[in-house]
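Q: need a 3D model of the sequence below.
(2 chains)
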Amino acid sequence: MGHIARTWLAIVLWLSVSAAWADAKPRVASVNLCTDQLLLLLADHEQIVSLSYLSADPQYSDWSAQASAYPLNHASAEELVALQPDLVLAGLYNDHYTLNFLESLGISVARVARADSLGGLFKPMLKVGALIGQAERAEAMVADLQARMSQVLLRRQVTDKRLAILGPNAYTQGAGTLTDELIKLAGLRNLASELGKQGNAEYSLEELLVAQPELIAIEDNTINRNSLAQRLLQHPALQRGLSRAQPIDIPSGHWGCPGPSYVDLLAYLVGLTGEAS
Amino acid sequence: MSRSHTAIMLLVAFLVAVWHIQLGRIPVDLWAWLSGAGQLPEVQQLILSELRLPRLLLALSVGATLGLAGAALQGLLRNPLAGPGLVGVTNFAALGAVIALYLGLAAVSWWALPIGGMLGASLAVVFIFVLAGRSSSTLSLILAGVAVNALAGSCISLVLNFSDNPYAMSEIVFWLLGSLANRSMQDVGFAMPFMLVGSLLLLASKNFLDALSFGEETAQTMGYRVARYRWLIVFGVALSVGAAVSVSGNIGFVGLVIPHLLRPWVKHRPGALLPASALGGALFLMLADCVVQVVPGSQELKLGVVTALVGGPFFLHLIVRMRGEYR
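A: A predicted model of the protein is given here:
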């Protein structure tokens, strides 16, 4: 065997071994917007079998351009069986029948809970990292995000501005929610929790008018606004009565899934503490 | 209705209205304001004029409309069970409004909402005439109503299902059970003119309904052109109920219960029942709208829940009493 032939053999062997190594990482499908995001951030390109259709919709995701490159699913058992993934990532509220069915076919299913507190903000990221064989990448990413968070908090200034977050149906987040923790961490006050609201709650228009918050974030980024819920946001009483509040604009993707984008959100909120009112 | 009855109802209605405008998350010192002792803070004035006043005006006018339409339909069909809800007029009005709102017509012009409601309501009245016929028996009227209601209900969820708005599906509760929470003066402005015109048309048929209670031929010999009056009432019901439902959703049983309760007070004259039912309906809906605001709960109760809790048992009672008729 000549020298050149031996080199070729070595190269071929090395390629097949590394291909086998890559194969060892599971091929993953995600059926939930938030696990889609984590999968995109952490997985190798070849690992991603499919993402949920919501990820390709710019109304709900900041990563729609990236996501459209992959096959999309509607979380139906048929689609997923046809894709033959090793692992399916789901949220807690995906259809149980579908997921149980997939498990009965031997496809492993991981149900990843949304982060619901600052302390647990990066837990889903670490969990998904471990599940898809990218634990090191996830740990590095979390360390980086935590460093960025501490950097951001250095810019925080003392203020007593109250922020009212107002979604369709006057929906908001009170005490005990991640949003509430984040607003307070940024140095702002959350009007909803100060009014005694717990968890996901609704403002009454009357209390909103009386409270006169300094900052108001209308959180509605859907394109189709033909509903009573969204019409409430145009109520003349709000438009006339809250004209002194400074309107702030937070893109919906930042709120959609707790995770890396919450560092940007924190930076945005911290930025508000520096502005003169 | 005797003068003392009218006076009692007006007095009670006034008291309920005062109670109604007091209700809300924020206490507003009405007395200080009325007695001229002090100017209200700007925010409280805004709450009164932009939130509580439209709600009170709509409770009054929607209640009056439903009561009046119920009395008119019962008089026209000479059938005590012919409320606008039972024969499917309110559900079809809701369907019209749903089509206008969720398919985006109302985004182009808000007039689309009451117009959708009125078109839906007229369709249902025509349906009922075709299905149950002119000399309708109670049974065939109710069965026609069941069919029309089922059709409207499923069409509403069909339209909401087709809408790609994320809130559409959850709003089916509003359209099927009704609410006056967070309505604005804009809503009053859109619906009130149509409710007024429709109600005036219905009141104009007062004498005709008295004559009709002696039978169609008698009414004819008394000089009434029956066909013309029939269209007048159909048009009046469609206009007033359609506009009402487009801002309040479908609030059931008002048009059935109120004329029934007041019939003895007007000595069973269908004509006199019209204004009495308008007053009674306004009173009843104001009261129901107070109840939904004081019942504790994480979310405000829908108005239709309260009116059905009163109306359902009442309806059963009616059926038991009229059982003889079906045999």
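Q: please identify the helix or strand for A:T172.
A: strand A:171-173 (DSSP states H and E).
Q: what residues does stretch A:221-238 touch?
A: Outside stretch A:221-238, the residues that touch it by CB atoms under 8 Å, 6 or more residues apart in numbering or on different chains are A:59, A:166, A:168-170, A:205, A:208-209, A:218, A:220, A:251-253, B:46-47, B:50-51, B:101-104, B:106-107, B:163-168, B:170-171, B:174, B:182, B:184-186. Every C-beta, even on glycine, is put in place using the N, C-alpha and C of the backbone.
Q: neighbours around A:A130, how many?
A: By other CB atoms under 10 Å in any protein chain shown, the residues close to A:A130 number 14.
Q: please tell me how far the residue lying closest to it once chain neighbours are set aside sits from chain B.
A: Counting by CB to CB, 6 or more residues apart in numbering or on different chains, A:A130 lies nearest to A:A138, which is 7.1 Å off, once chain neighbours are set aside. Using CB to the nearest CB, to the nearest Å, A:A138 is found at 31 Å from chain B.
Q: A:R137 too?
A: From A:R137 to chain B the distance is 33 Å (CB to the nearest CB).
Q: so that residue is in contact with A:G129, correct?
A: Yes. Counting by CB atoms under 8 Å, A:R137 touches A:G129, with 6.2 Å between them.
Q: okay, the two: which has more neighbours?
A: The residue with more neighbours, out of A:R137 and A:G129, is A:G129; 23 against 16, by other CB under 10 Å.
Q: the more buried one against A:K123, yeah?
A: No. Checked against CB under 8 Å, the pair A:G129 and A:K123 is beyond contact range at 10.6 Å.
Q: distance of A:G129 from A:R27?
A: In this view, A:G129 and A:R27 are 16 Å apart by CB to CB, to the nearest Å.
Q: to clarify, my last question referred to B:A276.
A: From B:A276 to A:R27 the distance is 74 Å (CB to CB).
Q: same deal with B:H317?
A: Distance, B:H317 to A:R27, by CB to CB: 66 Å.
Q: who has more neighbours, those two?
A: Using other CB under 10 Å, the more surrounded residue of B:H317 and A:R27 is A:R27, with 17 against 11.
Q: contacting residues for the more buried one?
A: A:E46, A:Q47, A:I48, A:V49, A:Q84, A:P85, A:D86, A:L87.
Q: what about A:S64, neighbour count?
A: 15.
Q: excluding chain neighbours, what is closest to it?
A: A:P58 (4.4 Å).
Q: B:F194 too?
A: Spatially, and ignoring its direct neighbours in sequence, B:F194 is nearest to B:A243 (3.5 Å; CB to CB, 6+ apart).
Q: list the buried residues of the helix or strand hosting that neighbour.
A: Per DSSP H and E, B:A243 falls inside helix B:226-248. Neighbour counts using 16 or more other CB atoms under 10 Å in any protein chain shown place B:226, B:229-230, B:232-248 of helix B:226-248 among the buried residues.
Q: just the strands from chain A, written as ranges.
A: Under the criterion DSSP state E, strands of chain A are mapped to A:28-30, A:48-52, A:72-73, A:87-90, A:108-111, A:162-166, A:171-173, A:189-190, A:200-202, A:215-218, A:246-248.
Q: dump those to CSV, plus distance to chain B.
A: What follows is the strands of chain A, written out as CSV (distance: least, CB to the nearest CB, whole Å):
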stretch, distance to chain B
strand A:28-30, 20
strand A:48-52, 15
strand A:72-73, 16
strand A:87-90, 20
strand A:108-111, 23
strand A:162-166, 13
strand A:171-173, 10
strand A:189-190, 18
strand A:200-202, 7
strand A:215-218, 15
strand A:246-248, 18
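Q: residues from the stretch 51-200 of chain A in reach of chain B?
A: With CB under 8 Å from any CB of the partner chain as the criterion, the stretch 51-200 of chain A meets chain B at residues A:P168, A:N169, A:A170.
Q: mind checking pLDDT for the residue nearest to B:F194?
A: B:A243 is assigned a pLDDT of 96 by the prediction.
Q: quick one: low-confidence ranges for the chain?
A: Let's take chain A. The model of chain A has pLDDT under 70 over residues A:1-2, A:9, A:11-23, A:251-254, A:276-277.
Q: wrong one, I was asking about chain B
A: In the predicted model, chain B carries pLDDT under 70 at residues B:37-38, B:133-136, B:324-327.
Q: thinking again about what came up before, specify which member of the residues of the stretch 51-200 of chain A next to chain B is nearest to B:R263.
A: When those are compared for distance to B:R263 (CB to CB), A:N169 comes out closest, at 40.7 Å.
Q: what sits against the closest one?
A: Taking CB under 8 Å, 6+ apart as the contact definition, A:N169 lies against A:E202, A:A229, A:L232, B:Y167.
Q: now the element after the helix or strand harbouring B:F208, going C-ward?
A: Using DSSP H and E, B:F208 maps to helix B:206-212. As assigned by DSSP H and E, the chain's next helix or strand after helix B:206-212 is helix B:216-221.
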